[in-house]
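[1] Just a sequence and a predicted model for now, questions to come.
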Amino acid sequence: MACDDSNVLASEVRTGDRARRRPVLASSGVGPPQRPASGGGGRLHPGSDRGAVLIVALLVAALIALALGSYVNLNLSSARLAKRTFHRAAAFGLAEAGAEEALWSFNQANALAPNAWADWTRNGPTAWRKFNRFDFGNNSTGNVRVYVDNTTPGAGVRPTIVALASVESPDSGPVEQMLEIILQRRSPFSSGLLAKKSIAFSGARASADSWNSDPDADPATPAIAYGMLVRNDKVHVASGSVLNTAVLVNNAAVWGSVSTGGSEPEVGPQGSIRGKDTPDDVRIDPNRVATDFVAEFPNVTAPTDGIYLAKVGPFLGFPGLTTKWRCPGIVLKGNETLTILGHVTLVLTAGPGTSGISVTGNAAILIPPGSSLAIHTEADIKIGGNGVANANVQPISLRIFGTNTRPGGQDIDLVGRGALKATVYAPNAAVTLNGNGDMMGAVVAETITLTGEADFHYDEALALYDEGQPFGVSRWRMLATAEERERHRQALGLP
């Protein structure tokens with residue numbers, strides 16, 4: 001049979017294509033296909049591909065683990081920092097609370113409470129106490145140790161409180177805060193005119209300003225008298241009332257500041273509220289007016305001791321000596337006078353609603369240079385006539401304390417002839433200042449009325465007056481360094 005060369009060729013071509021498309025079988029025609037030899041442009045081994053993928057996966061997993069570890073560590077650090085910040089704030093609060101306990105004891109002692117320092121460990125004038133078992137949750141506890149350098153401070157002495165507070169938990173070390181607090185007695189005369197309810201200038205031409213009779217705060221140096229060269233703008237006319245009648249400046253000129261509990265002061269067409277820094281064309285300086293004033297008006301208690309007198313004669317006291325007296329009241333009329341000798345405290349035993357002091361006609365109370373008078377009474381006071389002739393420069397030389405505890409239960413009327421130099425603290429009294437001269441000092445009352453055309457001058461030195469007053473915080477600071485803390489421990493003799 002003849003062969004068809006074209007068919008054979010086609011068959012060979014197809015056979016050759018298949019040979020190129022798949023491996024050649026073993027000569028026996030049986031068994032797995034033969035793998036081509038590597039190299040020479042052949043394909044990579046399949047196991048190599050799987051190894052490379054595994055290495056990449058391990059590297060990615062390591063990077064993820066590293067990132068997660070860093071994130072967890074960051075969260076843990078943030079949590080520890082937040083916890084220490086919380087403990088730091090808690091320790092500061094504990095230190096403040098411990099200092100408040102010491103301040104409470106000071107004021108209890110000032111009020112003659114026998115158990116003021118009962119729970120404190122005392123060593124001479126110093127005392128200390130520890131308050132502990134404060135629970136801040138999550139097994140965090142705190143304590144505070146409080147130290148006082150002088151439990152019986154004399155006049156003018158500013159005692160020191162040191163409070164060391166510590167807060168700690170099992171998983172963190174202690175966090176400490178240490179405070180140093182300086183106390184001073186709170187003066188009742190930190191303002192010039194201070195009223196619970198209202199202050200009214202009713203004269204056609206009146207003024208209020210200030211000066212400082214003791215600018216160097218040294219009683220051994222001569223006092224400075226008021227004058228235009230020392231005139232200042234530190235007088236504060238203030239009422240705690242929210243009513244629109246709280247402060248009636250009317251036509252007075254206030255060279256200082258005015259505050260109320262919630263309403264704007266009423267100022268007449270000729271009135272003004274100004275200071276040194278007020279522009280010339282401004283009559284009412286908004287920077288010197290406030291409507292958020294708040295104040296406390298604690299009652300005062302009269303002394304319970306003193307030599308009893310049925311009647312006060314023309315002289316009371318002894319030159320250069322400090323004495324204390326008690327009598328029902330004082331009545332001066334005609335040309336009678338009462339001269340104060342030395343430093344006199346006078347307690348009037350007349351009851352509320354009666355007359356404690358009555359000065360009429362040409363009568364007068366005389367206070368020579370170097371003498372002083374402090375009056376305590378719950379009865380009414382009316383000083384007319386020639387009023388009080390106080391020959392001292394400083395108004396603190398005449399102190400009037402209204403001890404009536406019933407609101408509106410006391411009337412105090414003072415008349416100035418030429419110059420009235422006095423301080424009045426009567427938180428439940430209606431005080432009226434009458435006169436056309438200079439009135440120097442400070443007044444604290446339920447209501448204050450200034451009549452006539454008097455010029456009121458506040459003595460800034462009265463802000464330091466602290467006789468028998470409760471203590472308050474003068475200044476405080478945080479002791480942040482170990483050197484400061486150790487120095488305080490050594491100075492105060494602390495463990």
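    Arrived safely, thanks for sending.
[2] The longest strand seen in the chain pairs with which strands, parallel or anti?
    Counting residues, the longest strand found in the chain (DSSP state E) is strand 419-435. If you go by DSSP bridges, strand 419-435 pairs up with strand 398-402 (parallel), strand 410-416 (parallel), strand 438-450 (parallel).
[3] Need the contact partners of the shortest one.
    Strand 398-402 is touched from outside by 300, 302, 367, 372-378, 381, 388, 390, 392, 410, 412, 421-429, 441, 445, with contacts defined as Cβ atoms under 8 Å, 6 or more residues apart in numbering. Backbone N, C-alpha and C define where each C-beta goes, glycine included.
[4] Then stretch 455-464?
    Stretch 455-464 is contacted by residues 187, 189-193, 206-215, 217, 226, 232, 234-236, 256, 394-396, 423, 433, 437-442, 450 when judged by Cβ under 8 Å, 6+ apart.
[5] let's see 6 Å
    Here stretch 455-464 makes contact (Cβ atoms under 6 Å, 6 or more residues apart in numbering) with 187, 189-190, 192, 207-210, 212-214, 226, 234-235, 395, 438-440, 442.
[6] same deal with stretch 206-217?
    With Cβ under 6 Å, 6+ apart as the test, stretch 206-217 has contacts from 223-224, 226, 230-232, 234-235, 252-255, 393-394, 450, 453-461.
[7] hmm, back to that, indicate which one of the strands paired with strand 419-435 is closest to E168.
    Of all the strands paired with strand 419-435, strand 438-450 sits nearest to E168, with 47.3 Å by Cβ to Cβ.
[8] buried ones in the longest strand of the chain?
    In terms of neighbour count (16 or more other Cβ atoms under 10 Å), strand 419-435 has its buried residues at 419-435.
[9] I'd like the average pLDDT over whichever helix in the chain runs longest.
    Looking across the chain with DSSP state H, the single longest helix is helix 46-110. For helix 46-110, mean pLDDT rounds to 78.
[10] If you count contacts, what does the very next helix or strand once past it end up packed against?
    Per DSSP states H and E, the first helix or strand lying C-terminal to helix 46-110 is strand 121-123. Applying 3 or more Cβ pairs under 6 Å, 6 or more residues apart in numbering; DSSP states H and E, we find strand 121-123 packed against no helix or strand.
[11] Touching strand 121-123 from outside, list them.
    Contacts of strand 121-123 (Cβ under 6 Å, 6+ apart): W128.
[12] do that again at 10 Å, thanks
    127-130, 147-148, 151, 493 (Cβ atoms under 10 Å, 6 or more residues apart in numbering).
[13] What angle do helix 46-110 and the following helix or strand past it make with each other?
    Next in sequence after strand 121-123, counting helices and strands by DSSP H and E, comes strand 126-135. Angle of strand 126-135 versus helix 46-110, following axes from the mean of the first three to the mean of the last three Cα atoms, to 10 degrees, is 140 degrees.
[14] Which positions in strand 126-135 come out as buried?
    126-129, 131, 134.
[15] Just the closest of these to I64, please.
    For the buried residues of strand 126-135, the nearest to I64 is F134 (43.9 Å; Cβ to Cβ).
[16] For that closest one, give the beta-bridge partners.
    Here F134, judged by DSSP bridges, has bridge partners G142.
[17] Same question for I307.
    Bridge pairing for I307 - DSSP bridges - gives W325.
[18] got it, and T160?
    For T160, the beta-bridge partners under DSSP bridges are I182.
[19] OK, contacts around it?
    Listed by Cβ under 10 Å, 6+ apart, the contact set of T160 reads 102, 147-150, 153, 180-183, 488, 491-492.
[20] would you turn these into TSV with neighbour count and distance to A62?
    Compiled in TSV, the contacts of T160 are given as follows (neighbours: other Cβ atoms under 10 Å; distance: Cβ to Cβ, whole Å):
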residue	neighbour count	distance to A62
A102	26	59
Y147	23	57
V148	27	62
D149	19	62
N150	16	67
P153	20	70
E180	18	54
I181	23	57
I182	13	61
L183	25	63
H488	18	54
A491	11	59
L492	15	59
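[21] farthest-separated two in those?
    Between any two of the contacts of T160 (Cβ to Cβ), the greatest distance is 18.2 Å, for P153 and H488.
[22] Pairing partners for the helix or strand harbouring V254, with directions?
    Using DSSP H and E, V254 falls within strand 253-259. Neighbouring strands of strand 253-259 in its sheet, by DSSP bridges, are strand 207-211 (parallel), strand 235-239 (parallel), strand 272-274 (parallel), strand 289-290 (parallel).
[23] which of these is buried the deepest?
    Ranked by mean neighbour count, these are led by strand 235-239 with a mean of 26 (mean count of other Cβ atoms under 10 Å).
[24] Toward the C-terminus from it, list the very next helix or strand.
    Downstream of strand 235-239 (by DSSP H and E), the next one is strand 247-250.
[25] Each with direction, which strands does that following strand pair with?
    In the sheet, strand 247-250 lines up with strand 193-201 (parallel), strand 266-267 (parallel) (DSSP bridges).
[26] Most tightly packed of those?
    For the strands paired with strand 247-250, ranked by mean neighbour count under the definition mean count of other Cβ under 10 Å, the leader is strand 193-201 at a mean of 24.
[27] Grab the nearest non-local neighbour of Y308.
    Among residues not flanking Y308 along the chain, R326 sits closest, at 4.8 Å (Cβ to Cβ, 6 or more residues apart in numbering).
[28] Looking at strand pairing, list the partners for V331.
    Bridge pairing for V331 - DSSP bridges - gives S358.
[29] And the pLDDT for it?
    We have a pLDDT of 95 for V331.
[30] now it: how far from M478?
    58 Å (Cβ to Cβ, to the nearest Å).
[31] ok, now how distant is V247 from S198?
    Between V247 and S198 the computed distance is 7 Å (Cβ to Cβ).
[32] no no, K234
    22 Å.
[33] neighbours around the residue found closest to S263 once you drop the neighbours it is linked to in the chain, how many?
    The shortest distance from S263 to any non-neighbouring residue, by Cβ to Cβ, 6+ apart, is to N244 (4.4 Å). Neighbourhood size, N244 [other Cβ atoms under 10 Å]: 13.
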